[in-house]
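Asks: Need a 3D model of the sequence below.
(one chain, ligands or ions: 1)
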Amino acid sequence: MSSLSHFTPLLRKPFSISISVSRREFLLLLLPFCALTVHHPPIVDIPADDIFNKPLEAYETALRNHGPVIGVRRKGRLEYILGREYTKYLFADDKNLSFEEGVATVLNLRFILAIRGGKFFKDVDRLVASGMIPRIEGITNRIFPIFMKHATGLVNDGRQRGEHVDFFAHAHHSIAESMLTVVMGEQYVNDQHLSIIEDMAHDIANMTGIYQNLSYFARTFPWLWRIANWTRIIFGTLLYRYFFVLGPHIWRELRHNTFVPLSRSEKEHDSDEPLLHFMGRMFAREDGTVSVADTLWSACLVLSLIFASVHQTAVVAVWVMYELAARPSYIPAIQDELMAIVEPQADGTHHLSYESLRNARYLDSFIREVMRLKGDTLGVCRQTVQDTPMGDYVIPKGHLVIPMASLSHRSTEYHGEDAELFDGFRWVEENQPAVMVSPAYFPFGLNRWACPGRVLAVAEMKMIALTILSLAHPILEGGKYTVVDPLNITSVQPAGKLFLSPLAQPLI
Ligand code: HEM
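Replies: Predicted coordinates:
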């Protein structure tokens, strides 16, 4: 019997977080004294085919049969998977379970932790949380016309060709242009820069292994695949295009201007300031200049921001549009809502401000329901930085720990008896917007490291959906789509032929 097992009944009770965490700390103190008898979680062998083709059933069955903490080997790595009851501990315990270590491991970016005192994630977080989100009103005003322009082009294109549209390319392109505008300013938006941003977002997605599950070679020889992939991307897109083409502009903006350091600046919320100038203020020295090292670092931060913001939002926007097309009965209420919130302008055009997007409650609820039920399995993760007690077990240091999202997102204890049922408007009266995370709903993560860009992400998804619905009716061939990578729902868009049937009279 485990020497820790006499604590087990206590840990199984539904303690408040503060009590349970202190118990876990107590257990940690005991660890050195009972190191010889600690129990590691059972290692469960799940065939690779099941992991990649039906992960939800495979992992849920394994957790049901072997307990709520199990070890599973995937792509040559031993990972620990948690059932619903332990998920909240994972998010609460920032000391033992590191977000930065975990994400760096999963994205194949461990070297980033060794640079600049390991401040990479904190800097990106600050950029988004302080440089973008406080300016969300101004940002929305600047980028809404971009979404409207591309939606009009897409619907016209679909009509002229009489064919289905590439909705992922549309979402990716619109978001990339928006981000280029927000990060560098309107004057830098041109076809060449846009194609670099788009290719970079795509390549980094590739580099981090997002499409790895889809390739037999990558799944079977992960190390060889990583080396080949990295070499191609670093010497191709990254150096040749990003650093040599966009790099000089970033250099000029940061090195040829002087900035009032953020600590002294009075205009904290200048809504028209490109993010690059916010970076200038963030890294400005006392004399207002930005050092060479900080300029190069800023170029890297821009790169990671492009990846974090473009790819995933585009993928989830596809999920939302495909679900709307697959469930057309929800569309009239969302179109009515659009008519109620849209702001007619003096020049005859229509605008959607951040405030009006916030009032799109039916669409917001629909987005939340899509994100809850689209089938997330192993999405967010942490890595143990020391041996970490979890229930009856101790998870050894240096391993990824991943909550099984479906067990929380579809839990009847959290969401009621009809938890599995898709009810697109269930959140309208509940007052739980799509950005509000909890142990019951964490597609944007939870607690300290919850996605800092989720307010912008949801606003962009709303702009993408509403601009299309104002012009056309989305129809999926056969009324269905297929899930391409069931293990990577959030990062790989579903497949299906989407047609946009133009409305007789555009709504806006
Ligand atoms: C639908 C789109 C998006 C989804 C589903 C998403 C999801 C996530 C998730 C799950 C995490 C990790 C949270 C955790 O482990 O607790 C994360 C982190 C992060 N996200 Fe997002 N995200 C989205 C869009 C965005 C956008 C638009 C931005 C930037 C404007 C952004 C910036 C970041 C950053 C910088 C982090 C790192 C964590 C931090 O710095 O605190 N994300 N996101």
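Asks: which bits of this structure sit near the ligand?
Replies: 99, 121, 124-125, 128, 132, 308-309, 312-313, 316, 379-380, 443-446, 449-454, 456-457, 490 (Cβ under 6 Å from any ligand atom). In this view, the C-beta of every residue, glycine as well, is placed from N, C-alpha and C.
Asks: of these, buried ones?
Replies: Among those, those classed as buried by 16 or more other Cβ atoms under 10 Å are 99, 121, 124-125, 128, 132, 308-309, 312-313, 316, 379-380, 443-446, 449, 451-454, 456-457, 490.
Asks: Give me the subset of these lying in helices.
Replies: Secondary structure from DSSP state H places 99, 121, 124, 125, 308, 309, 312, 313, 316, 454, 456, 457 of these in helices.
Asks: Looks like the fourth one contacts residue 452 (just checking).
Replies: Yes: look at residue 125 against residue 452 with Cβ atoms under 8 Å: they come within range, at 5.4 Å.
Asks: circling back: spatially, which two of the ones in helices among the buried ones among the residues of the chain next to the ligand are the most separated?
Replies: Maximum pairwise distance in these, criterion Cβ to Cβ, is 21.2 Å, between 121 and 316.
Asks: Could you check how many residues crowd around residue 448?
Replies: Residue 448: 10 surrounding residues under other Cβ atoms under 10 Å.
Asks: Need the nearest residue in space to it, chain neighbours excluded.
Replies: residue 94 (5.4 Å; Cβ to Cβ, 6 or more residues apart in numbering).
Asks: Lowest-confidence member of the ones in helices among the buried ones among the residues of the chain next to the ligand, which is it?
Replies: By pLDDT, residue 308 ranks lowest within those, coming in at 86.
Asks: residues in contact with that residue?
Replies: Listed by Cβ atoms under 8 Å, 6 or more residues apart in numbering, the contact partners of residue 308 are 124, 128, 453.
Asks: Grab the nearest non-local neighbour of the second one.
Replies: In this structure, residue 128 finds its nearest non-sequential neighbour in residue 452, 4.1 Å apart by Cβ to Cβ, 6+ apart.
Asks: now do the first one
Replies: Distances taken as Cβ to Cβ, 6+ apart put residue 304 closest to residue 124, at 5.4 Å, once the chain neighbours are dropped.
Asks: what kind of secondary structure is that neighbour in?
Replies: helix (DSSP: H, G, I helix; E, B strand; the rest coil).
Asks: so what's it up against?
Replies: Residue 304 neighbours (Cβ under 8 Å, 6+ apart): 120, 124, 204.
Asks: Please apply the same query to residue 90.
Replies: With Cβ under 8 Å, 6+ apart, residue 90 has these contacts: 82, 97, 382, 401, 403.
Asks: Do a quick rundown of the strands in the chain.
Replies: Applying DSSP state E to the chain gives strands spanning 43-44, 69-74, 77-82, 97-98, 343-344, 350-351, 382-384, 388-390, 393-395, 400-403, 472-476, 498-502.
Asks: Output the ones you listed in CSV, with mean pLDDT appended to each entry.
Replies: Below are the strands of the chain laid out as CSV (pLDDT from 0 to 100):
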stretch, mean pLDDT
strand 43-44, 98
strand 69-74, 97
strand 77-82, 97
strand 97-98, 98
strand 343-344, 93
strand 350-351, 95
strand 382-384, 98
strand 388-390, 96
strand 393-395, 96
strand 400-403, 98
strand 472-476, 98
strand 498-502, 98
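Asks: Next, format those as TSV and append mean neighbour count.
Replies: What follows is the strands of the chain, written out as TSV (neighbours: other Cβ atoms under 10 Å):
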stretch	mean neighbour count
strand 43-44	15
strand 69-74	20
strand 77-82	21
strand 97-98	22
strand 343-344	11
strand 350-351	16
strand 382-384	25
strand 388-390	24
strand 393-395	24
strand 400-403	25
strand 472-476	19
strand 498-502	18
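Asks: With distance to residue 251 added, can I get the ones you listed in CSV?
Replies: As requested, the strands of the chain are exported to CSV (distance: least, Cβ to Cβ, whole Å):
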stretch, distance to residue 251
strand 43-44, 50
strand 69-74, 41
strand 77-82, 39
strand 97-98, 33
strand 343-344, 39
strand 350-351, 35
strand 382-384, 35
strand 388-390, 44
strand 393-395, 45
strand 400-403, 37
strand 472-476, 43
strand 498-502, 41
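Asks: pLDDT value on residue 410, please?
Replies: Turning to residue 410, the model gives it a pLDDT of 98.
Asks: For the remainder of this discussion, apply numbering that starts at 415.
Replies: Right, with 415 as the first residue, what we last looked at is residue 824.
Asks: and it, how far is that from residue 848?
Replies: Separation of residue 824 from residue 848 (Cβ to Cβ, to the nearest Å): 17 Å.
Asks: Residue 664 too?
Replies: Distance from residue 664 to residue 848, by Cβ to Cβ: 33 Å.
Asks: Comparing these two, which residue is more hemmed in?
Replies: residue 848 (27 against 22).
Asks: rewinding a little: show me the contacts for the residue nearest to residue 862.
Replies: Taking Cβ under 8 Å, 6+ apart as the criterion, residue 508 is in contact with 861, 862, 863.
Asks: Good, wrapping up.
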